[in-house]
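>>> A structural model of the following input is requested.
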Amino acid sequence: MDLDAFYASCEILRNPELKDKAVIIGADPKGGKGRGVVSTCSYAARKFGVKSGMPISRAYKLCPNGIYLRPDIKYYKGISDQIMEILRSYADKFEQWGIDEAFLDVTESISNKINPTELAQKIKNEIFEKIGLTCSIGIGPNKQVAKIASDFQKPDGLTYVSPEQVRSFLDPLPVEKIIGIGPKTKKILNKKLNIETIADLANYPPEKLNKIFGKMGIDLSNVARGIDNSPVQEDYKRKSLGTEVTFDEDIEDFEIIYKTLELLVNKLHKSLIKGRYLYQVVVIKIRFEGFSTYTRQQKLKTPTNDKKVALQIGKKLLKEFESNPKKVRLLGFRLVDLSESKHVQKTLLN
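Here you go, the predicted model:
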């Protein structure tokens, strides 16, 4: 289940006068000179070419008369919580996937002779009647197929892919429809391996994919052939904490970058302690003017919640970029491979 243009739809729900208008949620465009990106936008805004993740300045050029709103996460989460409760009531097993998506395992319900499309329509109807929002549902024999199907007829879509239809459904689709294939992987598949469609990926030798991508290559090959054995997990375990900042003006002084890193580390460390988490991987992300973006990471031998270690590694990872002549546009910091613990463990750098 995927809620349609969720943030924008929530704003339209709050203010019906926004219906059918180009609503864009994200940073302040500042008349086309704003920093930051588009979080999401209404379908009316998408007709102008506006997309999630697009620089807000670019969105403003495409749609200067759009209605630009800052995200109200607390409000969106309240609506999300209500919808997730509805979904849980239908699921044999349930897995929330972010604020606006979820997987439902309804195998037992379907085995009791309930038509899967009728069940999906019943869920859609209840969400619309009780909350006032539309969603798109994909039905399939596994999570990957269901997720791809949910995107197939947006908005307000319902797509059922039976086990017998999986290959004919997947084969003609572009390879980036598979969860986990981002811009970098897509570029390798398209340019180096001449893999454009899911059928191309399914027919490519798995052992060669393994050499290029490691275990991920085997997983991609399996998904392309309709194989995905990942279970619907009822208990959500957070895997990472992250935050980032887009500067109002590009920064040349690296001392400001290091001071900003310290602020980001302090912010994340509070969340880390509050959630009783340990981290094992430190990741930094840096974006320069011109949008060239780099990430670096370092893994610890054992998990820890030590703030000083996180800051030390963050500075070390940033150091290689000091000599870059370009100004810095964005800085991000993330703690990954989280685990729960009631005590602090000693730290060993790997």
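>>> what about residue 57, distance to residue 37?
Counting by C-beta to C-beta, to the nearest Å, the gap from residue 57 to residue 37 is 10 Å. In short, each C-beta sits where N, CA and C put it, glycine included.
>>> And for residue 241?
Counting by C-beta to C-beta, the gap between residue 241 and residue 37 amounts to 20 Å.
>>> and if you look at residue 209?
For residue 209, the distance to residue 37 equals 32 Å [C-beta to C-beta].
>>> Comparing these two, which residue is more hemmed in?
residue 209 (21 against 18; other C-beta atoms under 10 Å).
>>> Kindly list the main-chain dihedrals of that one?
phi -60, psi -40 (degrees, to the nearest 10).
>>> Please apply the same query to the one 10 residues further on.
Geometry field for residue 219 lists phi and psi as phi -60, psi -40, criterion degrees, to the nearest 10.
>>> can you pull the contacts of the closest residue to it other than its chain neighbours?
Nearest non-adjacent residue to residue 219, counting by C-beta to C-beta, 6 or more residues apart in numbering: residue 180, 7.5 Å away. Shown in contact with residue 180 (C-beta atoms under 8 Å, 6 or more residues apart in numbering): 216, 219, 220.
>>> quick one: pLDDT of the closest residue to residue 92 other than its chain neighbours?
Spatial nearest neighbour of residue 92, excluding adjacent residues (C-beta to C-beta, 6+ apart): residue 108 at 4.6 Å. We have a pLDDT of 81 for residue 108.
>>> Ok, residue 88 next?
Here the pLDDT value assigned to residue 88 is 88.
>>> Check the one 4 residues further on too.
Looking at residue 92, its pLDDT is 86.
>>> Could you give the number of residues near it?
14.
>>> swap in the one 10 residues further on?
As a burial measure, residue 102 scores 21 neighbours (other C-beta under 10 Å).
>>> what are the bridge partners for it, then?
residue 96 (DSSP bridges).
>>> circling back: can you verify the residue nearest to residue 219 is assigned to a helix?
No: counting by DSSP: H, G, I helix; E, B strand; the rest coil, residue 180 is not part of a helix but coil.
>>> Return the distance of it relative to residue 133.
Residue 180 sits at a distance of 27 Å from residue 133 (criterion: C-beta to C-beta).
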